[in-house]
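Engineer: return a 3D structure for these sequence lines:
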Amino acid sequence: MKMFRNIVIYFTVTLITGICGQCTFPSPFASSMWHDSTRGDLTFTDTTLTGWDVTLSPTQTIDTWTCLDYADSSKLVIKATSRFTLVGSSQVYVYACLVLTEVTAGVSYTYQQRNVQEGNAAQNRLRFNSAGTLASASDVCDDTATIPTLDFHVLVLSGSESSAAVILPTSFLFSADYILQASDGTLTCNDTVDVMDMCSDTSALTFDYTTGNCQEQVAYSAGGSLYCVATVSLTSYDCAVFYNRDPTISGTATRFTCICSDGNTASVAPNNCTIYQDATSVPTDADMTTPVGYLINFGAKTR
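Structural biologist: Numbers count the residues shown, from 1 in each chain. Next up is the predicted model:
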């Protein structure tokens, strides 16, 4: 994964009144909009964040956050305006630690949530506290938590999507005919000659849906044009997260897509990579059972 510097953001759910010296978000986040591969579109003002919604239960969602502390160039503590009621318990304050890695300076980041998954809060990686007194990195972040490599999310600055594009891993750099394989084994695009192109532009992925080619939507993109915005290399395959260039997202399309490939086969998942996604198996949801994507089998390749 391309890395430049790390930023750690600490989230705490509580409420604070405006005071002299109110924390403000640093550049490039202040007064900006971002696309989040998990949460959707985010809006930052100088002091608030909306869109980073966390659903804790069928009836409880945290949707508004404020900047609580900006101690130096690498750490932020922010808070939300509500508390969470645990089953059979009183309300608690909720914290989440996000560790960000800059991918392209000022326009794109990946991040992981540095906490264990909470079984009684929809498996979100959070930290609960009844007193609401946690306020530092050592309080909030769990550096002992085991975070799978692919358990990450992507942020892209709105309006700078093309600037966020990065070079694809070598295992992706080819053009090829392809066949799609659903979780039940059903094949599509197997009776036409189609092109999945990652050669013409080595930081982009394109499909040709014109008449005569397979009309099946690939990579959750109606227009068939995507930018690569983050990459991860594992032992025997690579994964890339793509930003869908469709002007609007509708139907089965998603703004982000994750593809893991070994050069012969690829798995495709909407939005983020799934935690244990590989190149040869249909991706599954967090329950490790429910399929959430499909496979691509490549034909003859050109480089």
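Engineer: C-alpha only now, for contacts and for neighbours.
Structural biologist: Fine.
Engineer: list the beta-bridge partners for residue 242.
Structural biologist: Beta-bridge partners of residue 242, counted by DSSP bridges, are residue 228, residue 257.
Engineer: so it sits right up against residue 224, yeah?
Structural biologist: No - with contact defined as Cα atoms under 8 Å, residue 242 does not reach residue 224; the gap is 11.3 Å.
Engineer: more crowded one of those two?
Structural biologist: For residue 242 versus residue 224, neighbours defined as other Cα atoms under 10 Å are more numerous around residue 242 (30 against 18).
Engineer: all strands of the stretch 101-250 of the chain, in order?
Structural biologist: 108-113, 127-129, 153-157, 175-181, 187-188, 196-197, 204-207, 225-233, 238-244 (DSSP state E, counting those that start in this stretch).
Engineer: which elements pack onto the fourth one?
Structural biologist: Taking 3 or more Cα pairs under 8 Å, 6 or more residues apart in numbering; DSSP states H and E as contact, the helices and strands that strand 175-181 lies on are strand 187-188, strand 196-197, strand 294-302.
Engineer: just checking: what are the partner strands of the longest one?
Structural biologist: Strand partners for strand 294-302, identified by DSSP bridges, are recorded as strand 175-181 (antiparallel), strand 265-270 (antiparallel).
Engineer: check the offset of it from the chain's centre.
Structural biologist: 25 Å (Cα atoms, centre = their mean, to the nearest Å).
Engineer: which residues touch that strand?
Structural biologist: The contact list for strand 294-302 (Cα atoms under 8 Å, 6 or more residues apart in numbering) reads 174-183, 263-269, 280-283.
Engineer: could I get the pLDDT score of the spatially most central residue of the chain?
Structural biologist: By Cα atoms, centre = their mean, the mean C-alpha position of the chain lies nearest to residue 153, the distance being 2.8 Å. The confidence metric pLDDT takes the value 94 at residue 153.
Engineer: I figured it hits residue 111, correct?
Structural biologist: Yes - using Cα under 8 Å, residue 153 is in contact with residue 111, at 5.3 Å.
Engineer: quick one, domains of the protein?
Structural biologist: The chain breaks down by automatic domain parsing into domains covering 6-160, 170-302.
Engineer: among those domains, where is the model least confident on average?
Structural biologist: If you rank the domains of the chain by mean pLDDT, domain 6-160 sits at the bottom with a mean of 81.
Engineer: rewinding a little: and the helices and strands packed on strand 175-181: which comes nearest residue 86?
Structural biologist: Closest of the helices and strands packed on strand 175-181 to residue 86 is strand 294-302, at 36.2 Å (criterion: Cα to Cα).
Engineer: send me that closest one as PDB with only the CA atoms.
Structural biologist: Listed in PDB are the C-alpha atoms of strand 294-302, where the atom choice follows Å, rounded to 0.1, in the frame of the first residue of the first chain:
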ATOM      1  CA  TYR A 294     -18.500 -12.700  -7.600                       C
ATOM      2  CA  LEU A 295     -15.500 -14.000  -9.500                       C
ATOM      3  CA  ILE A 296     -13.900 -12.900 -12.800                       C
ATOM      4  CA  ASN A 297     -12.100 -15.600 -14.800                       C
ATOM      5  CA  PHE A 298      -9.600 -14.100 -17.300                       C
ATOM      6  CA  GLY A 299      -9.100 -15.300 -20.800                       C
ATOM      7  CA  ALA A 300      -6.100 -14.500 -23.100                       C
ATOM      8  CA  LYS A 301      -4.200 -11.500 -21.800                       C
ATOM      9  CA  THR A 302      -2.200  -8.800 -23.500                       C
END
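Engineer: helix, strand, or coil at residue 65?
Structural biologist: Under DSSP: H, G, I helix; E, B strand; the rest coil, residue 65 falls in the strand class.
Engineer: returning to what we had before: okay if I get the helices and strands packed on strand 175-181 as CSV plus mean neighbour count and distance to residue 40?
Structural biologist: Compiled in CSV, those are given as follows (neighbours: other Cα atoms under 10 Å; distance: least, Cα to Cα, whole Å):
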stretch, mean neighbour count, distance to residue 40
strand 187-188, 16, 30
strand 196-197, 20, 26
strand 294-302, 19, 22
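Engineer: need those strands in TSV (columns: distance to residue 209).
Structural biologist: Shown next, in TSV, are these (distance: least, Cα to Cα, whole Å):
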stretch	distance to residue 209
strand 187-188	13
strand 196-197	10
strand 294-302	16
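Engineer: tell me which of the ones you listed sits nearest to residue 63.
Structural biologist: Residue 63 lies closest, by Cα to Cα, to one member of the helices and strands packed on strand 175-181: strand 294-302, at 31.5 Å.
Engineer: one step back: out of the strands paired with strand 294-302, nearest to residue 235?
Structural biologist: Short answer: strand 265-270, nearest of the strands paired with strand 294-302 by Cα to Cα, at 14.9 Å.
Engineer: ok, and what's touching that closest one?
Structural biologist: 219-220, 254, 256-261, 277-283, 292-298.
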